[in-house]
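[1] Structure, please.
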Amino acid sequence: MTKQVMVPLAQGIEEMEAVTIIDVLRRAGAMVTIASVDELNITAARGTKIIADCLISECKDETFDLIAIPGGLPGANNLAASQILGKMLKSQAIAGRLYGAICASPAVVLHHHGLITPGQVTCHPSFTHTIDNGNTKDLDVVVAGNCITSRGGGTSLDFAMELVAQLFTPETVQEVRNGLAI
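    Residues are numbered from 1 along each chain as shown. This is a model prediction of the structure:
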């Protein structure tokens, strides 16, 4: 059965994180939906243009095995402001389905919606103080139940590979690793 994943985007998102998440999950065989919270044509933090598959309002009633959120500013702030994304993330958590965020988004998006456990999360070092006065783990990737978090652009590949590990078999993880090694 194909795993369904949503990667929400917004203006000013960190392109390295977004593209790495999308690419690695697609290599693993996931059906990835790129859903924008504002408009289909996204200009990322460093000027890269990304075209979303749909607006988040068009897929808000779909069920996803994983919602994976890139970070970056002002992208994370724009994602946090989306009421639709907030509702989807809360439903994801209640249902016990996977959700994750990297860079600023664990603090700016997940914490904003009450979806992290202080002490069981990581984020970009410049945002750790916003989570229970720095009650974060000093690790590149943290898995806490169905929530996966990571530090930032430099850990994008590790984060994406952990998402693959959470969704797929160890054999699929190895196949993706082998494909990335070429």
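
[2] residues contacting E175?
    A28 (CB atoms under 8 Å, 6 or more residues apart in numbering). Yep, even glycine has a C-beta here, placed from its N, CA and C like the rest.

[3] Secondary structure element for it, which one?
    helix 170-180 (DSSP states H and E).

[4] quick check: mean pLDDT across that helix?
    Helix 170-180 shows a mean pLDDT of 91.

[5] export that helix as PDB, just CAs?
    Taking Å, rounded to 0.1, in the frame of the first residue of the first chain, the C-alpha atoms of helix 170-180 are listed here in PDB:
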ATOM      1  CA  PRO A 170      14.500  -1.400   6.800                       C
ATOM      2  CA  GLU A 171      15.000  -2.800   3.200                       C
ATOM      3  CA  THR A 172      13.400   0.300   1.800                       C
ATOM      4  CA  VAL A 173      15.600   2.500   3.900                       C
ATOM      5  CA  GLN A 174      18.700   0.700   2.600                       C
ATOM      6  CA  GLU A 175      17.500   0.900  -1.000                       C
ATOM      7  CA  VAL A 176      17.100   4.700  -0.600                       C
ATOM      8  CA  ARG A 177      20.500   5.000   1.100                       C
ATOM      9  CA  ASN A 178      22.100   3.000  -1.800                       C
ATOM     10  CA  GLY A 179      20.300   5.200  -4.400                       C
ATOM     11  CA  LEU A 180      21.600   8.300  -2.600                       C
END
